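J.: Take this sequence and fold it.
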Amino acid sequence: MDFIKPYQTEIIIGLAVLVLIQFGILIGFNARLGYMRRQLRSLLTGPTGEDLEAMLRRCLEESKSALQRGDELETRFDTLSGDLRGCVQRVGLVRYDAYGDVSGKQSFSIALLDGRNNGALITGLFGRHDGRCYGKAVVGGQTEQGLTDEETSALQMALEGGVADGETMPTPTLNGKRRLISR
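T.: Residues are numbered from 1 along each chain as shown. Predicted coordinates for the structure are as follows:
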C-alpha cells in the first residue's frame, strides 16, 4: 500500500469531486421528484379541490343517473311509438270533376291511414245543384266495399306514403306551426 501514499491527496480530491457530483445528481433527482409529486397531486385533485375518490364517486352517481334517465326515456319512447301507430300517418288525396256541369276539381277522394294501414276513405262529390259525401272503412289497406278509380288512386297514394295528387296539403311541423307540402 505504500504506492498509494504519494497519491493520497489526489485520490481524496478525486473522491471529493465524485461525492460532489453525486450530491448534484441527488439534488437534481430530488427536484424532479418534487415536480412529479406536484404534478401527481394536481392530477389526483380536481379543479375544485376534491380528491380522486370523490371525483370518481360523483362520476359514478352521474352515470347511474344518466342510465336511469335513459331507461325512462326509452320507456316513454316505446309508449309514444305505440300511440303514434294509431295516428294518421299517411294521406292520399285525389281531386277531380265528378260531374260535367262543375269544373275546378271540387270533388275529392281522400284516404287517411294510420301506421297499421287502418283508417278511412272519404269521397265528396259536388255538383252544381247537390253534394254527396261517402265514407268507407279501411282495414289493413283493404276495404270491404268496391272502390272507384279515384278512391283506388287515393288509397294507393296513401299506402305508398304520398300526400296529394299535384295539390298542396297542410302538414304539422315540429314547432307546432303548419307549412304546406306539395307533391
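J.: Pass me the low-pLDDT residue ranges in the chain, would you?
T.: Applying pLDDT under 70 to the chain flags residues 1, 46-47, 162-183.
J.: Please go through it and pick out the longest helix.
T.: Looking across the chain with DSSP state H, the single longest helix is helix 8-44.
J.: Tell me which helix or strand comes right after that helix.
T.: Next along the chain after helix 8-44, taking DSSP states H and E as the criterion, comes helix 52-84.
J.: Which residue ranges make up the domains of this structure?
T.: 5-83, 90-182 (automatic domain parsing).
J.: With mean neighbour count added, can I get those in JSON lines?
T.: Where you see a C-beta, it was placed from the backbone N, CA and C, and this is true even at glycine. Listed next are the domains of the chain as JSON lines, based on neighbours: other C-beta atoms under 10 Å:
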{"stretch": "domain 5-83", "mean neighbour count": "10"}
{"stretch": "domain 90-182", "mean neighbour count": "15"}
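J.: Find out how far the longest helix of the chain is from the centre of the chain, if you would.
T.: 58 Å (C-alpha atoms, centre = their mean, to the nearest Å).
J.: Between helix 52-84 and it, find me the angle.
T.: Angle between the axes of helix 8-44 and helix 52-84 is 30 degrees (criterion: axes from the mean of the first three to the mean of the last three C-alpha atoms, to 10 degrees).
J.: next one: stretch 54-63 to chain centre, how far?
T.: Distance, centroid of stretch 54-63 to centroid of chain: 25 Å (C-alpha atoms, centre = their mean).
J.: what does stretch 107-120 give?
T.: 30 Å.
J.: Span of that stretch from start to end?
T.: End-to-end distance of stretch 107-120 (C-alpha to C-alpha, to the nearest Å): 17 Å.
J.: now stretch 100-114
T.: End to end - C-alpha to C-alpha - stretch 100-114 spans 34 Å.
J.: chain center to it: distance?
T.: The answer for stretch 100-114 is 39 Å, by C-alpha atoms, centre = their mean.
J.: So what touches it?
T.: Contacts with stretch 100-114, where a contact means C-beta atoms under 8 Å, 6 or more residues apart in numbering, come from 85-99, 119-128, 138, 141, 148, 150-151, 153-155, 157-159.
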